[in-house]
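Q: no sequence for this one, just the structure:
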């Protein structure tokens, strides 16, 4: 099952995706400058491709993801001013 929705950030939108896998959900919030992903995805690939990526953990819905705090960041995300512990809502304003 794939769930997709637009999340309003200011006067723009971020795309949020949830894919139900066998035991857990894969969640991605995608902006034009970067993305936020759940624990299923790793930051090693993001580093390799120089993506501005943010990892969040212990979320299983898009709504939980929006309330989460940053667990880890790629180098490119750090350059945008994103840091560990930052609220996802603040990150969305940066990656929009």
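A: Nice, thanks for sending it over. Bear in mind that the values here come from a model prediction, so they are computed numbers and not experimental data. Residues are numbered from 1 along each chain as shown.
Q: just checking, what packs against the helix or strand encompassing residue 94?
A: Here residue 94, judged by DSSP states H and E, is contained in helix 88-95. Other helices and strands packing on helix 88-95, by 3 or more C-beta pairs under 8 Å, 6 or more residues apart in numbering; DSSP states H and E, are strand 2-9, strand 35-37, strand 53-55, helix 62-67. All C-beta atoms are positioned from the backbone trio N, CA, C, and that covers glycine.
Q: helix or strand right after the first one?
A: Beyond strand 2-9 on the C-terminal side, the first helix or strand identified by DSSP H and E is strand 12-20.
Q: which neighbours in the sheet does that next one have, and how are they oriented?
A: Strand pairing for strand 12-20, using DSSP bridges, gives strand 2-9 (antiparallel), strand 25-30 (antiparallel).
Q: tell me which residue lies farthest from the centre of this structure.
A: residue 22 (20.8 Å; C-alpha atoms, centre = their mean).
Q: helix, strand, or coil at residue 32?
A: Assigned by DSSP: H, G, I helix; E, B strand; the rest coil, the conformation of residue 32 is coil.
Q: from what I can see it touches residue 94, true?
A: No: with contacts defined as C-beta atoms under 8 Å, residue 32 does not count as touching residue 94, sitting 10.8 Å away.
Q: which of those two has more residues huddled nearby?
A: residue 94 (17 against 10; other C-beta atoms under 10 Å).
Q: excluding its backbone neighbours, what's nearest that one?
A: residue 80 (5.3 Å; C-beta to C-beta, 6 or more residues apart in numbering).
Q: any chance of the helices and strands packed on helix 88-95 in TSV, plus mean neighbour count, mean pLDDT and distance to residue 27?
A: Output for these, formatted as TSV (neighbours: other C-beta atoms under 10 Å; pLDDT from 0 to 100; distance: least, C-beta to C-beta, whole Å):
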stretch	mean neighbour count	mean pLDDT	distance to residue 27
strand 2-9	12	95	9
strand 35-37	24	98	7
strand 53-55	25	98	11
helix 62-67	16	97	5
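Q: can I get the ones you listed in JSON lines with distance to residue 28?
A: Formatted as JSON lines, the helices and strands packed on helix 88-95 follow (distance: least, C-beta to C-beta, whole Å):
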{"stretch": "strand 2-9", "distance to residue 28": "10"}
{"stretch": "strand 35-37", "distance to residue 28": "5"}
{"stretch": "strand 53-55", "distance to residue 28": "10"}
{"stretch": "helix 62-67", "distance to residue 28": "9"}
